[in-house]
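Trainee: Please find the sequence and the predicted model below.
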Amino acid sequence: MEAIGAVGSRQVVDIRSPAILPGQYGPPPSLQAAPGQGSEFRDLLLRSIEQVNAMQHEANRAVEALVAGEELSPAEVLIAVQKADLAFRLMMQIRNKVVQVYQELQNIRV
């Protein structure tokens, strides 16, 4: 499997692994919790969102490369798009479950 040569001035992207830069996304410093104050769950969610976002960008780049006529098989593009779609659907299911749990907690009478 070859790396995708990006269109224009973009960098070469390998669709086999997510292109996430550490610290590229995240909350502003005012929202960052001190270590040991539940920041692990927040960090896990943020990393997951970053990975899904990276997969979406990679799928878009793969489609653009295929349309531009670069040396890329349609199967590789389809796999990148399907991986991004599956990751997004999973993220939405997790989001829906978290919202549901939050709503249930709001309904608890003290």
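Mentor: Ah, there it is.

Trainee: from here on, contacts and neighbour counts on C-alpha atoms
Mentor: Noted.

Trainee: Regarding L46, which helix or strand does it belong to?
Mentor: helix 39-67 (DSSP states H and E).

Trainee: List the buried residues in that helix.
Mentor: 47, 49-66 (16 or more other CA atoms under 10 Å).

Trainee: again with stretch 69-79
Mentor: 72, 76-77.

Trainee: Just those residues: which are in helices?
Mentor: Counted as lying in helices by DSSP state H, out of the buried residues of stretch 69-79, are 76-77.

Trainee: want to throw the buried residues of stretch 69-79 into JSON lines with distance to E104?
Mentor: Output for these, formatted as JSON lines (distance: CA to CA, whole Å):
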{"residue": "L72", "distance to E104": "48"}
{"residue": "E76", "distance to E104": "42"}
{"residue": "V77", "distance to E104": "41"}
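
Trainee: Quick check: which of the buried residues of stretch 69-79 has the minimum pLDDT.
Mentor: Among those, L72 carries the weakest pLDDT, at 89.

Trainee: wait, doesn't it sit right on V63?
Mentor: No - counting by CA atoms under 8 Å, L72 stays clear of V63, with 9.4 Å between them.
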